[in-house]
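Participant: Give me coordinates for this.
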Amino acid sequence: MPVLDHLDLVAPSTAEALRSWPYAGQVGVCEIDPDLADTAALTAAFDLPLTSSGNCVLVAGSRGGDQRIAACVVPANTRADVNTLVRRVLDVRKASFLSMDRAVAESGMEYGGITPVGLPAGWRLLVDAALTGEDVVCVGSGLRRSKLLIPGPALAHLPGAEVIDGLGR
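Facilitator: This next block holds a predicted model:
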């Protein structure tokens, strides 16, 4: 279903971001059983290819007392290269995943539904280049009860998106 006609199926911050994003008219949303929100369960239940399913993970590090947070969107058949590539991109000594409580509190999204659409201002958005070559990428909606279907090339046009080769390993 067109997401702009069903903003009740996405997190409030996601809905707000979609209202002003020029590519939102190309985005779909589908309601799912919240028990299928995790990638492994969803791809198994619907026989979806892992290469066109995007996982969005939140990573933080600090440099000189400055906290740096990034959302990393990688194909589901990979893991974000946090210890090498993300750490270098953020220019921090050590990068680590945000705890579940902190990820939920600071993103305003449900764990298992975190999406690159509608993240807090000031966070960096790192997108694996492989996803931008997919026809459609399935990502979270900010809620566990739905998923967004975004054209892969449009991911590169999310506000602040930085497309990076090999982000997922």
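Participant: CA atoms for contacts and neighbours, from now on please.
Facilitator: Will do.
Participant: how much space between the residue lying farthest from the centre of the chain and Gly108?
Facilitator: Seen from the C-alpha centroid of the chain, the residue lying at the greatest distance (C-alpha atoms, centre = their mean) is Gly64, 27.3 Å away. Remark: distance between Gly64 and Gly108 (C-alpha to C-alpha, to the nearest Å) = 27 Å.
Participant: One more: Gly65?
Facilitator: Going from Gly65 to Gly108 by C-alpha to C-alpha gives 24 Å.
Participant: So these two - more neighbours on which side?
Facilitator: Neighbour count, other C-alpha atoms under 10 Å: between Gly65 and Gly108, Gly108 has more, with 19 against 7.
Participant: Settle this for me: that one is touching Ser13, isn't it.
Facilitator: Yes. Counting by C-alpha atoms under 8 Å, Gly108 touches Ser13, with 7.2 Å between them.
Participant: so where's this protein shaky on pLDDT?
Facilitator: Nowhere does the chain drop to pLDDT under 70.
Participant: Surely Trp13 is in contact with Leu119?
Facilitator: That one is not Trp; residue 13 is Ser. Yes. Using C-alpha under 8 Å, Ser13 is in contact with Leu119, at 7.2 Å.
Participant: Tell me where the protein has helices.
Facilitator: Secondary structure of the chain (DSSP state H): helices at 12-20, 39-46, 87-90, 100-107, 129-132, 152-155.
Participant: Settle it for me: which of Ser13 and Leu119 has more neighbours?
Facilitator: Between Ser13 and Leu119, Leu119 has the larger neighbour count (other C-alpha under 10 Å), namely 22 against 17.
Participant: I am finished for the moment; much appreciated.
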